[in-house]
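# Here is my input; please provide its structure:
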Amino acid sequence: MTDFRGTGRIRKAWNTSIQFFRQFRTQDSKGINQQPSAAVQATSTTTVATNYKKPIILAGGIIAILAAVGIGGIQYVKANTNDYYHLYMNGTEVGTVGSPLEVGALLEQKASEAQQKTPDIPIMVESGQLTYTSTSAYKGNPDTQQTLAKLEGLLTTHAIGVEVKVNGKVIGIVKSQEAADAVLARVQSKYAPEEKTEKDSTKVRALAFSPEEEKADENTPKAGKELTDVAFVEKVETDAVSTSPSDIVSDNDMYKLLVEGTIKPTKYTVQQGDCVGCIAQKFDISPQVIYKNNKGIEDDMIKVGDVLDLTVRQPELSVRTTENLTEIVTIDPPTEVQKNDDMRVGESKLISAGVSGSKSLTYKIVKENGYLISEELVDQQVIKEAIPTVMMKGTKVILGEGTGLFSSPVSGYTVSSTFGQRWGRMHKGIDMTGSKTITAADNGVVIFAGTKNGYGNVVIIDHKNGYETLYGHLNSISVSVGDILEKGDTLGVMGNTGRSFGVHLHFEIHKDGELQNPLKYL
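Next comes the predicted model:
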């Protein structure tokens, strides 16, 4: 909108010229209406022409003057007309300014001042929706300073942060999306196993090798761990929010909130029948937590009355890792047996020694926050086949020859007296009670069946392999010298004969004439 206040002068001059021109026309019309005399008539043409010429010249001059005055007025008004802007915030007028650049400079200044107070946190100046309408006026001046001062009072500042939410719960706010991503990556790396390459500087590869060896080496499974997946158990979200700078936490504090969470202190007194696994199941915690909190526990050894620390940290965020663990294990060589009818039973001969093989076992291991959840064998490959051991064993049976492996001569026995010194004398065997039927401890031939001093009724068996066994204090004997017995055959009944203090069996084992402790063989 433009306001021209100098147009009054032009209008006034125009009106004056119109009145002057009309005055001349009135005078001329009076002279024409009168009857001129004969003398005048002769010169009337010249006179009239002269009289009309004067107002025309005068009118032309006036018009020229008016044009000059008009042009000058327009130039004057134009030179004194100013352009400026009306400023609106959210549709409400704030005032007038000379240029939007002045408003922009104010906003930049406020943002800089706010940022200096918290240099590490992004700050935004909230100005709402600013709009402008242009205007112009003769000698018009905008109220820039007053408008900017009013606008400054309407401005607000706030921090821009990123909140981290776990299952919809806001855990905290960090300064940026980059900070949130870095913290979450740090949480995952806490539980993700590090991949490492083992290098043995003492091993040097030969320069000469065949392509087949190189290819085989590339295809051979290697022991180690391979991380296949890392993921959060809970739903994790990040959103940009307006907040106060005081509500923004550091990256380290956010990390602790996510990993450590809250603490739930718990003490438990061990009861009768408790075990580590039972207590863990009762409190729905991992047995590893119990071992970690109670260093004195070894091999599940706890006793009634022990006070256990079952304090468990409740992290806000859980990390599930999946990895493939490959182990290289030895394959023991199998044994192949070749029978030889010319060799006695119990004899054997090594034909060829076996060679161990190897194979790889790959397990899929799932953990949550470092604790084992599941372990599954998913693959196995034979790397090197084992070469079997070849043994030759005899099948020839010689009657009465023992195997060298003894069974108890008394079923359901109890040892009432052991081998060794007793009452100042050597006790040559063991005393046994139990079933009354006495049987041969191994295959053999009866070489004595009768009475011996101190032993009462006694049977002695030669097992034809360097071993002899003696059965004393028998109530009765059911075998004779020369009888060939097999392991488990009945030879008599338990008794109390000879130097005996109750019904029992006195049992001895001799090897190559030397006494042996029978308990070493039973």
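
# Grab the nearest non-local neighbour of residue 381.
Closest residue to residue 381 apart from its sequence neighbours, by CB to CB, 6 or more residues apart in numbering: residue 360 at 4.9 Å. For glycine as for every other residue, the C-beta is placed from the backbone atoms N, C-alpha and C.

# Let's see the pLDDT reported for the one you found.
Here the pLDDT value assigned to residue 360 is 94.

# Next, the contact list for it, please.
221, 223, 326, 327, 328, 329, 379, 380, 381, 383 (CB atoms under 8 Å, 6 or more residues apart in numbering).

# What's the PyMOL line that selects buried ones from the residues you listed?
In PyMOL, this line selects whichever of the contacts of residue 360 come out buried by 16 or more other CB atoms under 10 Å:
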select buried, resi 221+326
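
# so who does the nearest residue to residue 269 once chain neighbours are set aside touch?
Among residues not flanking residue 269 along the chain, residue 307 sits closest, at 5.4 Å (CB to CB, 6+ apart). For residue 307, the contact set (CB under 8 Å, 6+ apart) comprises 267, 268, 269, 270.

# Can you tell me which of those are classed as buried?
Of those, these count as buried by 16+ other CB under 10 Å: residue 270.

# Out of the contacts of residue 307, which sit inside strands?
Counting by DSSP state E, the contacts of residue 307 place 267, 268, 269 in strands.

# So which of these is the closest to residue 366?
Taking CB to CB as the measure, residue 268 is the one of the ones in strands among the contacts of residue 307 closest to residue 366, at 28.1 Å.

# doesn't residue 283 make contact with the closest one?
Yes: if you go by CB atoms under 8 Å, residue 268 and residue 283 touch, sitting 7.3 Å apart.

# which residues are common contacts for the two?
Joint contacts of residue 268 and residue 283 (CB under 8 Å, 6+ apart) are residue 310.

# Next, residue 256: secondary structure please.
Using DSSP: H, G, I helix; E, B strand; the rest coil, the secondary structure recorded for residue 256 is helix.

# burial of it, as a residue count?
14 (other CB atoms under 10 Å).

# separation between it and residue 173?
15 Å (CB to CB, to the nearest Å).

# Could I get the average pLDDT for whichever strand or helix holds residue 109?
Following DSSP states H and E, one finds residue 109 within helix 100-117. Averaging pLDDT along helix 100-117 gives 85.

# cool, stretch 400-411 as well?
In this model, stretch 400-411 has a mean pLDDT of 92.

# do stretch 418-433 as well
Stretch 418-433 carries an average pLDDT of 89.

# what's the answer for stretch 162-172, then?
93.

# gap between the two ends of it?
Distance across stretch 162-172, first residue to last, is 8 Å (CA to CA, to the nearest Å).

# Quick check: buried residues in it?
So for stretch 162-172, counting by 16+ other CB under 10 Å, buried means 162, 163, 164, 166, 171, 172.

# What about the residues you listed, which are in helices?
Among the buried residues of stretch 162-172, none falls in helices (DSSP state H).

# Mind picking the two most distant members of those residues?
162 and 166 (13.9 Å).

# what sits against residue 270?
So residue 270 contacts 279, 302, 303, 304, 305, 306, 307, 308 (CB under 8 Å, 6+ apart).

# before we move on, the earlier item: which of the buried residues of stretch 162-172 lies closest to residue 260?
Residue 260 has its nearest neighbour among these in residue 171, at 11.6 Å by CB to CB.

# That closest one reaches residue 183, doesn't it?
No: using CB under 8 Å, residue 171 is not in contact with residue 183, being 10.0 Å away.

# Name the residues contacting each of these two.
Counting by CB under 8 Å, 6+ apart, the shared contacts of residue 171 and residue 183 are 164, 254, 258.

# What are the boundaries of the helices in the stretch 201-350 of the chain?
Counting by DSSP state H, counting those that start in this stretch, the segments of the stretch 201-350 of the chain that form helices are 211-219, 251-259, 276-282, 287-293.

# most packed of those helices?
Using mean count of other CB atoms under 10 Å, the stretch among the helices of the stretch 201-350 of the chain with the greatest mean number of neighbours is helix 251-259 (a mean of 18).

# elements contacting that one?
Here helix 251-259 touches strand 156-166, strand 169-174, helix 177-191, going by 3 or more CB pairs under 8 Å, 6 or more residues apart in numbering; DSSP states H and E.

# Same list (these) but as TSV, adding distance to residue 142.
Shown next, in TSV, are the helices and strands packed on helix 251-259 (distance: least, CB to CB, whole Å):
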stretch	distance to residue 142
strand 156-166	25
strand 169-174	42
helix 177-191	41
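
# which residues of the stretch 401-522 of the chain score low on pLDDT?
Scanning the stretch 401-522 of the chain for pLDDT under 70 picks out no residues.

# Wait, a helix at residue 148?
Yes: applying three-state DSSP, one finds residue 148 inside a helix.
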